[in-house]
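In: Got a predicted structure plus its sequence, pasted below:
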Amino acid sequence: MDSVGRARGRGRANLFNLSSPRPGAFANAAAPASSFTTASSASSVLTSTTPTEKQPATSTGTTFEPISSTTKSTADKPRRGNAPVIMTAPRGKGVEHLVSDFAGLSTGERQTGSGRGTPWSNTGLPKTKPTHIEDKRGIRKGYQMIIIVANYIRILSKPSWQLFQYHIDFNPEEMVVQRKMRREMVKFYYKLNINSISLLFQVLQHKNILKDVAFDGTTLYSFEYIGDERTFQCQHTVTGDPIEMRLRLTAKNSPDSPNFFHLANLIVRKLLELSGLRLIGRNYYQFDRKVDLERYRLTLFPGFLTNVNIYEGSLMINVDLSHKVLNKTTVFNRLQDIFTQFVDFKRAQDEATKELVGQVGSDLNRYQLKIEDTTQPLLISKPSKKDRRAGQTGPLMLIPELCCVTGISDVMRSDFQFMKELANHTHIGPMARFDKLNEFCHDIQNNQEARDELKKWEISLDTGLVEFDGRLLESEQILYANRSIRYKHDDADWSREGRSLKHISCKNLKNWIVFYPSSLRELGDELINALHQVCLPFGMEVEYPNVIQLPNDRPETYLSVLPEKIQKNTDLVLCVLPNNRKDRYDALKKYMCLDNPVPSQMVLAKTISKKNQLMSVATKIGIQLNAKLGGEIWGVTIPSKTLMVIGMDSYHDSKRKGASVGAFVASTNVTCTRFYSRVIYNRTAQELMDGLQQCMRDSLKEYHRVNNTLPEKIVLYRDGVSDGQLAIVAEHELPQIIDTFPKIMPGYQPKLAVVIVKKKGNARFFAKMGSTSMANPPPGTIIDHTVTNAEWYDFYLISQCARQGTVAPTHYNVIWDRTNFKVDHMQRLTFKLTHLYYNWPGTIRVPAVCQYAHKLAFLVGQSLHQDFNPELADRLFYL
């Protein structure tokens, strides 16, 4: 945390006893070999003392009685590798009774996620299902059921073979860095005749060829025993240089082995090859169906991504569509375009640096291409880790003419017409996506080579996608001050009805300032008049602002006027900007979030330039202004009256290398419509833990200030966590949070639930309409069986309406739950919270507190680069 945050924490030490918190709650130690079991190669064991009697939670009207805490310890660095982790009880007064609960939280085997290594399997992930949850499916009675088709294919038969697993090394390694080239070299060997003098074929004299091999570039599986260790001499497939290939036996696997997931993924990838698809990066694509976008010098390849895993006891293949964009623009072409576009040479240099740094692909001089322009500047590239291992310590000099730009640049993303044309090919509707996935199934079933490959491995696949029942939650009532409304279930949008309704709590605009360049005077005046009209139905009193006309739109011009115009009683600053220059936006936000804290609103001239849309735009801006001032716009019915909900998300700082911004947003009233926000700047896990405790303390203090009581139940939604990081949350973040509560007040132990929110995933669901038609499932669709994890208390929720393409579900994994909420109550609460995001009068993909945390982390990581002024913490200034 920066100096502002620390000063703020010290100022509250008398009330909250902010003596140095104990950084770690668990102590790690190695376990004896006997603790390994066949079910899990690493388990979590909790040693404990006799638990003490649980203290009652606080009730309404309770006052704070700060206590002292002198407990200090150091946090051990999380153990890496396969050794089990033995946890001691989380220390701290009042948490002893949770020892037995932690014993049931198995974090499983710690793995490392690698795109080129063994893919994740559910068997190696933490088993986080709470012990009291016997059936994670919500009740069906009273809910509408819909037929769901998911992009999963069942693997029907279970093989009975034994497989030898080998690890392969190449020497020199730097000559065979590409996985494709490694596979070609192995393929070359096992297609040779037995007359080869290689030791490999001396072992296999009874075979004409070395067959039935699966290889991913590092690990080789074979039905044949080649030996414990073997070394072979071979040649580079391109240069002919001698290369040594070493094989080392690492395991003997049966279909029950966890490594079967790795092998099954290799088999599926082989099926894609046999179906005519070609590998680009990590996925397979259909070259015969490529789409050329010549206007933009791009080629689009459609393809598939696959993953094999166990879902609720069934082995299934998750398959989804993927698209690869190949940019044919060379760096030399792009440099010419940029220097032609800008007259100012220095600005052209800056623009080229901004756009191209980090976007350059590989130098192609190894193919002996002819250089057309011998005067072009060279590109300097720092050597990667692989380059340094190969002996390349100095910078690499690349030729722009022979380097291609990778992916899609920010300039292209800002081109509306380009993104629209690209979306026509990549945003595929549910019916078209279902047809392509069904075609994928049929292609494998009808391909003789693919059928032979499956037969060889004693595997058979289902002929179609998996089908099951889903549950539909009813639409929510949206509560305004003067009435409530219920939206249409299909679109989950109440913007039309809400624009004339009074907000629950309104903040007036009496002392506010509007800045705009003199060239935008007309647009600025029209916006002021429109805001005055649209804010009256909201219940806001809007006085005429102090209007400041600027001679130009330079950042320094704004910053020279702001200090003398912003007073202590200024409610808000609104700036009309001619364009979205980042340096100007960052400078304005830094001043008004750090130096002189005041809510601010930036409005682009093009946003308000269309007169027929001005009132609609002004309505959205007016809602934002009320929210930024601390007002409450609308609400939903929250059954629990002593509940706090928290959202956490993270973002990597764009300037401070290695630093991450963790945003923490907590509700502070019973209706979950007011919020308190903090950020955590961290480079290490220890800094994150310390900051997490500080955020929790400050949020609980704010809740107590507003309600004169502490919350009895807390539900924390943790976004930005991958499956591979679940163990970190379970082993470190969760104990830190629990350890904070008794330090707030003696005996304070709220009922806590921690829910991991995952937006990125490959699961897709279709609502079956009739016998053949498919559509996006409506908002409120719950999937809590068949394709979920048997070891988790998890569910999928589709809360938003997708007007283009196929809707993407959000995955929720409840890793800790002591709230006593029923399963369907937890699901319904999550759906309710997706209605409370004030930037959009409709439902969104995640609970509102998560989206608020994302917006805050993005603002700090992209523009502020340090903690904001705490005077803004109780307002949504970052919307």
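Out: Here it is on my side, so go on. Numbers count the residues shown, from 1 in each chain.

In: Remind me which helix or strand Leu734 belongs to.
Out: Taking DSSP states H and E as the definition, Leu734 sits inside helix 734-744.

In: Can you name the next helix or strand after that helix?
Out: With elements assigned by DSSP H and E, the helix or strand that comes after helix 734-744 is strand 751-758.

In: who does that following strand pair up with?
Out: With DSSP bridges as the test, strand 751-758 is paired with strand 713-719 (parallel), strand 810-817 (antiparallel).

In: For the very next helix or strand once past it, give me every contacting residue.
Out: The helix or strand immediately downstream of strand 751-758 is strand 765-769, counting by DSSP H and E. Applying Cβ atoms under 8 Å, 6 or more residues apart in numbering, the contact partners of strand 765-769 are 146-151, 430, 433-434, 467, 470, 774-778, 781, 783, 796, 798, 806-807, 809. In short, each C-beta sits where N, CA and C put it, glycine included.

In: Pull out the buried residues from the residues you listed.
Out: Buried by 16 or more other Cβ atoms under 10 Å: 146, 148-151, 430, 433-434, 470, 774-778, 781, 783, 796, 798, 806-807, 809, out of the contacts of strand 765-769.

In: can you tell me which of the residues you listed are in helices?
Out: Counting by DSSP state H, the part of the buried ones among the contacts of strand 765-769 found in helices is 430, 433-434.

In: Turn the residues you listed into CSV, including pLDDT.
Out: As requested, those are arranged in CSV below (pLDDT from 0 to 100):
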residue, pLDDT
Pro430, 95
Arg433, 95
Phe434, 96
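
In: Thr830: which of the residues you listed is nearest?
Out: Of all those, Pro430 has the smallest distance to Thr830: 23.2 Å, by Cβ to Cβ.

In: check contacts around the closest one.
Out: By Cβ under 8 Å, 6+ apart, Pro430 lies in contact with 766-767, 774-776, 806-807.

In: Repeat the analysis, applying 10 Å as the threshold.
Out: Each residue near Pro430 by Cβ atoms under 10 Å, 6 or more residues apart in numbering is listed here: 149, 764-767, 769, 773-777, 802, 805-807.

In: same check, this time on Ala618
Out: Counted by Cβ under 10 Å, 6+ apart, Ala618 has contacts 526-535, 603, 608.

In: Now do it against Ser660, distance only.
Out: Going from Ala618 to Ser660 by Cβ to Cβ, to the nearest Å gives 37 Å.

In: do the same with Asp443
Out: To Ser660, Asp443 is 43 Å away according to Cβ to Cβ.

In: With neighbour numbers in mind, choose between those two.
Out: The neighbour comparison of Asp443 against Ser660 (other Cβ atoms under 10 Å) goes to Ser660, with 19 against 16.

In: In the chain, where is pLDDT below threshold?
Out: Counting by pLDDT under 70, the chain has low-confidence residues at 1-126, 174-213, 237-238, 355-369, 390-391, 685-687.

In: Okay, strands next: where are they in the stretch 201-350 of the chain?
Out: Under the criterion DSSP state E, counting those that start in this stretch, the stretch 201-350 of the chain contains strands at 213-215, 219-222, 229-235, 242-253, 278-280, 283-285, 291-293, 298-311, 314-327.

In: Can you add distance to Ser475 and give those back as CSV?
Out: Compiled in CSV, the strands of the stretch 201-350 of the chain are given as follows (distance: least, Cβ to Cβ, whole Å):
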stretch, distance to Ser475
strand 213-215, 49
strand 219-222, 50
strand 229-235, 65
strand 242-253, 50
strand 278-280, 43
strand 283-285, 38
strand 291-293, 39
strand 298-311, 29
strand 314-327, 29
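
In: so can I have a markdown table of these showing mean neighbour count?
Out: Below are the strands of the stretch 201-350 of the chain laid out as a markdown table (neighbours: other Cβ atoms under 10 Å):
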| stretch | mean neighbour count |
| --- | --- |
| strand 213-215 | 20 |
| strand 219-222 | 20 |
| strand 229-235 | 14 |
| strand 242-253 | 15 |
| strand 278-280 | 15 |
| strand 283-285 | 22 |
| strand 291-293 | 14 |
| strand 298-311 | 19 |
| strand 314-327 | 19 |
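
In: Of all the ones you listed, which one comes closest to Ile638?
Out: That would be strand 298-311 among the strands of the stretch 201-350 of the chain, by Cβ to Cβ, at 32.6 Å.

In: Strand partners (parallel or antiparallel) of that closest one?
Out: strand 283-285 (antiparallel), strand 291-293 (antiparallel), strand 314-327 (antiparallel).

In: Compute the distance between the residue nearest to Leu277 when sequence neighbours are not counted and Cys234, please.
Out: Excluding the flanking residues, the one nearest Leu277 by Cβ to Cβ, 6 or more residues apart in numbering is Tyr284, at 3.7 Å. For Tyr284, the distance to Cys234 (Cβ to Cβ) stands at 26 Å.

In: Thr810 now?
Out: Distance, Thr810 to Cys234, using Cβ to Cβ: 48 Å.

In: Could you do Ile504 as well?
Out: Distance of Ile504 to Cys234, computed by Cβ to Cβ: 73 Å.

In: Cys672 now?
Out: Counting by Cβ to Cβ, the gap from Cys672 to Cys234 is 64 Å.

In: again, but for Val721
Out: Going from Val721 to Cys234 by Cβ to Cβ gives 43 Å.

In: now Thr619
Out: When Thr619 is compared with Cys234 (using Cβ to Cβ), they lie 69 Å apart.

In: next one: Leu643
Out: For Leu643, the distance to Cys234 equals 65 Å [Cβ to Cβ].

In: Next one: Val665 relative to Leu856, how far apart?
Out: Distance of Val665 to Leu856, computed by Cβ to Cβ: 7 Å.

In: same deal with Thr772?
Out: The gap separating Thr772 from Leu856 is 45 Å, by Cβ to Cβ.

In: of those two, who's got more company?
Out: Leu856 (28 against 9).

In: Next, the more buried one: phi, psi?
Out: The phi and psi values for Leu856, taken as degrees, to the nearest 10, are phi -70, psi -50.

In: Phe877 is in contact with that one, correct?
Out: Yes - with contact defined as Cβ atoms under 10 Å, Leu856 reaches Phe877; the gap is 8.8 Å.

In: Please identify every residue contacting each of the two.
Out: By Cβ under 10 Å, 6+ apart, Leu856 and Phe877 have these common neighbours: 677, 868.

In: And the longest helix along the chain, what does it pack against?
Out: Using DSSP H, we find that the single longest helix of the chain is helix 685-707. Where contact means 3 or more Cβ pairs under 10 Å, 6 or more residues apart in numbering; DSSP states H and E, helix 685-707 is packed against helix 3-11, helix 13-16, strand 643-652, strand 660-667, strand 675-682, strand 713-719, helix 734-744.

In: Okay, angle between the longest one and strand 751-758 too, please.
Out: Which is helix 734-744. Counting by axes from the mean of the first three to the mean of the last three Cα atoms, to 10 degrees, helix 734-744 lies at 150 degrees to strand 751-758.
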